[in-house]
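K.L.:
Pasted the sequence and its predicted model underneath.
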Amino acid sequence: MKPMEWSVLGAHWRLPGLVLFVGAVTCSPVHRTQTPTASDASQAAASATAPNPFAGWCKTRNLCREQGRCATDTSANCYADSDADCRASKACRTTGLCSLRDGKCVAITDADCQKSSWCKQFGECTARHSRCIAATDDDCKRTHACRHEGLCSGSPDPNCKPSVVQYCCVAANDSDCRGSDNCDTFGACSAVSGACQATANADCRRSSQCAEVGTCSARTGYCVAVADRSCRQSVACSTHGMCTARDGWCLATSARVCKRSVACRRSGKCSLSPRPDVGCIAASEAECKQSTWCRDYGLCHLKEGQCVEPTLDRQSCPGCAESGTCTPMAGTACQPTTDGACKKSLACREVGQCSLQGIQCVINSADDCARSAWCEDYGHCTAKNDSCVAGADADCRSSIACRHSGLCAARRGRCIAVSDKDCRASDLCKKFGRCAVKDFGCW
């Protein structure tokens, strides 16, 4: 056993393996520094000068070009170690991440943000919390959030920390909201606590959702369906049998309305689901085989209340027939790998997601939209920003919405009523006496 040194009132004793406490004792191990040997020095020098076996590896990787992470540590991890690498990266040009901090490229100055392409496209022009965000009025007015949700003014909170979406933008007044897509579509035209909400029945009646799906009354910030009459006068009653107001929505509540619906003739949904929130479904192979989608596109096989393409349903991936995700990948995931799978899927017929892009079936062309039920029902026949919208009067005039509700003119991506003549020719006029234009609809 090594001797231990200890002290009693300033005096030191050393005993092998024995400690005595006499009076006031202060124990304090004595640390001695061992003099390095020539062998230790040579090993340290060799370690310091040993070559990194991965040196230069990250310079050739996408992480260097994309994120400025061009340096490699001894474990082959890539990191940023110079402002020059950050400034040469795509992240600097695109998102303003041009300065080095803690092994990463980050945004430190507004000037870097304002030079980025995302500033021009999305208004992310202000440096905050190491990234570029939309935080001023001018920034916010350039964002998708302004156009779609009315979030067009800089947040009054200087400590705003955006999470997923890089915006510190709010709806400061009703004018922010009234210029937004959500006002046109959902009646969310009033600024409440920094967001746009539906607070007036008149705004709901002007919304496209009133004419399309019967949500025409404002309740708790949203437009909802409160009367069967608004449901019966909607396009969705004709197309999907959704003619009865229940819990704020228009729903199909009888087999009779399902059999009379466009969805019965088109996609075989001629029976009422036992679940009240589901509506009309296909209940037999016979219903599928009599549908136009069976005749035109081969969607003739019954699967869980829907008619699908039979060869896709036989694939091992469970979502193949519905969404075109027909190729098994690593683990249990499946994804689409061919345009053919996308075009045969139910999502192509329903909403126009007919083209393969990367690992998804997406809306990529007017042809995709023209194949969809949204085009036939609501005139959303033009592809724009990954969605199908009403891009021309011709889109609207060929739709059920025009014949049923007089919505025959395209404005801001939706079909609206602009003439008494269109209203007088509509089913709304003939069945319900709504023959004059008012609030973008026939009343």
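P.N.:
In hand now; what should we look at?

K.L.:
alpha carbons only for contacts and neighbour counts from here, please
P.N.:
Noted.

K.L.:
how about the helices in the stretch 51-200 of the chain?
P.N.:
Using DSSP state H, counting those that start in this stretch, the helices found in the stretch 51-200 of the chain span residues 62-67, 83-87, 90-95, 110-115, 117-122, 137-141, 144-149, 174-178, 181-186.

K.L.:
between those, which gets the lowest average pLDDT?
P.N.:
Among those, helix 117-122 carries the lowest mean pLDDT, at a mean of 85.

K.L.:
Counting by contacts, list what that one packs against.
P.N.:
If you count contacts as 3 or more Cα pairs under 8 Å, 6 or more residues apart in numbering; DSSP states H and E, helix 117-122 packs onto helix 90-95.

K.L.:
Any buried residues in the helix it packs on, and which?
P.N.:
90-95 (16 or more other Cα atoms under 10 Å).

K.L.:
what separates it from the chain centre, distance-wise?
P.N.:
Here the centre of helix 90-95 is set off from its chain's centre by 22 Å, with Cα atoms, centre = their mean, to the nearest Å.

K.L.:
Give me the contacts around that helix.
P.N.:
For helix 90-95, the external contacting residues (Cα atoms under 8 Å, 6 or more residues apart in numbering) are 65-68, 86-87, 97-98, 112-113, 115-119, 124, 131-132.

K.L.:
same thing but at 6 Å, please
P.N.:
Under the criterion Cα atoms under 6 Å, 6 or more residues apart in numbering, residues 66-67, 97-98, 116-118 lie in contact with helix 90-95.

K.L.:
cool, stretch 119-136 as well?
P.N.:
Against stretch 119-136 from outside (Cα under 6 Å, 6+ apart): 106-110, 113-114, 118, 139-140, 142-143, 154, 166-168.

K.L.:
Okay, now that stretch: how far is its last residue from its first?
P.N.:
12 Å (Cα to Cα, to the nearest Å).

K.L.:
Kindly report the same for stretch 170-178.
P.N.:
14 Å.

K.L.:
Next, the buried residues of it.
P.N.:
For stretch 170-178, the neighbour count (16+ other Cα under 10 Å) marks 170-174, 176-178 as buried.

K.L.:
who are the neighbours in contact with Arg424?
P.N.:
If you count contacts by Cα under 6 Å, 6+ apart, then Arg424 has Cys435 around it.

K.L.:
should've said Ser345
P.N.:
321-324.

K.L.:
Quick check: which of the helices of the stretch 51-200 of the chain is nearest to Met329?
P.N.:
helix 62-67 (23.1 Å; Cα to Cα).

K.L.:
any idea how far that closest one is from the chain center?
P.N.:
25 Å.

K.L.:
rewinding a little: can I get the contacts of helix 90-95 in TSV including neighbour count?
P.N.:
Listed next are these as TSV, based on neighbours: other Cα atoms under 10 Å:
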residue	neighbour count
Glu66	17
Gln67	24
Leu97	28
Cys98	31
Ser116	23
Ser117	18
Trp118	20
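
K.L.:
now, which of the buried residues of stretch 170-178 sits nearest Gly56?
P.N.:
Val170 (45.8 Å).

K.L.:
Isn't that closest one up against Gly194?
P.N.:
Yes. At 4.8 Å, Val170 and Gly194 qualify as touching, with contact defined as Cα atoms under 6 Å.

K.L.:
re the thing from before, can you add distance to Asp367 and give the buried residues of stretch 170-178 back as JSON lines?
P.N.:
Formatted as JSON lines, the buried residues of stretch 170-178 follow (distance: Cα to Cα, whole Å):
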{"residue": "Val170", "distance to Asp367": "37"}
{"residue": "Ala171", "distance to Asp367": "36"}
{"residue": "Ala172", "distance to Asp367": "40"}
{"residue": "Asn173", "distance to Asp367": "39"}
{"residue": "Asp174", "distance to Asp367": "37"}
{"residue": "Asp176", "distance to Asp367": "34"}
{"residue": "Cys177", "distance to Asp367": "32"}
{"residue": "Arg178", "distance to Asp367": "32"}
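
K.L.:
Mind checking the pLDDT average for stretch 231-249?
P.N.:
96.

K.L.:
What's the end-to-end length of that stretch?
P.N.:
8 Å.

K.L.:
To what extent is Gln357 buried, counted in neighbours?
P.N.:
15 (other Cα atoms under 10 Å).

K.L.:
Please apply the same query to Lys303.
P.N.:
18.

K.L.:
so what's it up against?
P.N.:
Here Lys303 is in contact with no residue (Cα under 6 Å, 6+ apart).

K.L.:
Across the sheet, point out what pairs with it.
P.N.:
Gln306 (DSSP bridges).

K.L.:
And the pLDDT at it?
P.N.:
According to the prediction, Lys303 has pLDDT 93.

K.L.:
Start at 27, not 1
P.N.:
Fine by me, first position is 27 from now on; the one you just mentioned is Lys329.
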